[in-house]
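S.K.: dropping a prediction and its sequence here:
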Amino acid sequence: MYYGYGMDPTYFLVLIGAMLCMAASAKMTGTFSRFSRIRSASGLTGQEVARQILIANGIYDVSVQPVAGQLTDHYDPSKKTVNLSEVIYQSGSIAAIGVAAHECGHAIQDNRDYLPLRLRTAIVPVANIGANLSWPLILVGLLLAQSGSLMGGTLLQAGIMMFGLAVLFQLVTLPVEFNASSRALKQLEQLNLLPPEEIPSARAVLGAAALTYVASAASSLLQMLRLVLLFGGNRRRD
C-alpha cells in the first residue's frame, strides 16, 4: 500500500489549507457586507464608475455589462467586457465601487499589455487540463500501483505534474489581482470617484478579496506538498 492511502499525518496540510480558505472567505464576506451597506458620498453606481475609468484611460473598445449572480464580477479579455454582478452594477455602495474599479484595473492591464495578465491568459488552457486530469490520474495510478502495475507510478507522477499546472495558474494570478487592485485605488483617487475619506474603506474591501486568492494559492501549494510527500518518490510502504 502506498503511504497516505487513508488517514495519515499529511492530512494536517490539507486541514491547514482548508482553515486558511475558510478564514479568508469569512473575512471577505464580512468586509464586503459591511461596506455594501454604506453608500458612497460620490453618488455614483458601480457601472458609472467603471465607464468613467475606462473613458479616462482611453479605453473605448471595452463595454460594461451586468451579469447574473453574486460576486460573479470579472473582466473578459476575449470579449472586451467588464462584467459586473447585478448588485455591483446597480449599487452605489463603497464596496460596489471598489469591485467595479478592480475589474476595470484588469481592463487597463489588458490595454497596457501587462505581462502577468498575458501569461495568465496563455496558461488558462493547460491549467484547466491540469485541474481536470490531475485527480483522475492520481486515483487510477494509486489503484494500479496497489495491484503491482508499473504504470501506476507513471500515472501518479503525471497526476502530480497536472496538479502543478493548476497551482502555477493560481500563483500567476496573485500579481495580476494585486496589481488590478492597486490600479483601481489609484483611479478612484486620481479621478475623484471616491472622497478621500472613503478610499481606506475601498482598500479594505479589495484587500479582503485579495486574501481569498492568497489563501487559495497557499492551500493548493500545501496540497501539492502533500502529494509530493506521499507519491513524489514513488516509494512503497513496507
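M.R.: Received it, and whenever you're ready, just let me know what you need.
S.K.: now do Val176 against Val49, distance only.
M.R.: Plainly put, Val176 is 21 Å away from Val49 if you go by CB to CB, to the nearest Å. Every C-beta, even on glycine, is put in place using the N, C-alpha and C of the backbone.
S.K.: more crowded one of those two?
M.R.: Val49 (29 against 21; other CB atoms under 10 Å).
S.K.: identify each buried residue in the helix or strand hosting the more buried one, please.
M.R.: Assessed by DSSP states H and E, Val49 sits inside helix 46-56. For helix 46-56, a neighbour-count test (16 or more other CB atoms under 10 Å) marks Gly46, Gln47, Glu48, Val49, Ala50, Arg51, Gln52, Ile53, Leu54 as buried.
S.K.: so which elements touch that helix?
M.R.: strand 63-67, strand 81-85, helix 86-90, helix 94-111, helix 151-190 (3 or more CB pairs under 8 Å, 6 or more residues apart in numbering; DSSP states H and E).
S.K.: report the central residue of the chain.
M.R.: Using CA atoms, centre = their mean, the residue of the chain that lies closest to the mean C-alpha position is Tyr213, 4.6 Å off.
S.K.: separation between Leu165 and Ala26?
M.R.: From Leu165 to Ala26 the distance is 29 Å (CB to CB).
S.K.: of those two, give the one with the bigger neighbour count.
M.R.: Neighbour count, other CB under 10 Å: between Leu165 and Ala26, Leu165 has more, with 18 against 11.
S.K.: low-confidence ranges, this protein, go.
M.R.: 1-7, 233-238 (pLDDT under 70).
S.K.: give me that answer again for 80
M.R.: Scanning the chain with the threshold set as pLDDT under 80 gives 1-8, 232-238.
S.K.: of the helices and strands packed on helix 46-56, which is nearest Asn128?
M.R.: Checking the helices and strands packed on helix 46-56 against Asn128 by CB to CB gives helix 151-190 as the closest, at 8.2 Å.
S.K.: which strands and helices lie in contact with that closest one?
M.R.: Against helix 151-190 (3+ CB pairs under 8 Å, 6+ apart) you get helix 46-56, helix 94-111, helix 115-146, helix 199-227.
S.K.: now the angle from the last one to helix 151-190?
M.R.: When axes from the mean of the first three to the mean of the last three CA atoms, to 10 degrees is applied, the directions of helix 199-227 and helix 151-190 differ by 170 degrees.
S.K.: over to the first one?
M.R.: With the same axes, to 10 degrees applied, the angle from helix 46-56 to helix 151-190 works out at 80 degrees.
S.K.: can you tell me what sits against helix 46-56?
M.R.: Residues outside helix 46-56 that contact it (CB atoms under 8 Å, 6 or more residues apart in numbering) are 42, 44, 60, 62, 64, 66, 82, 84, 88-92, 96-97, 99-101, 103-104, 107-108, 187-188, 191, 193.
S.K.: which among the residues you listed end up buried?
M.R.: 42, 44, 62, 64, 82, 84, 88-89, 91-92, 96-97, 99-101, 103-104, 107-108, 187-188, 193.
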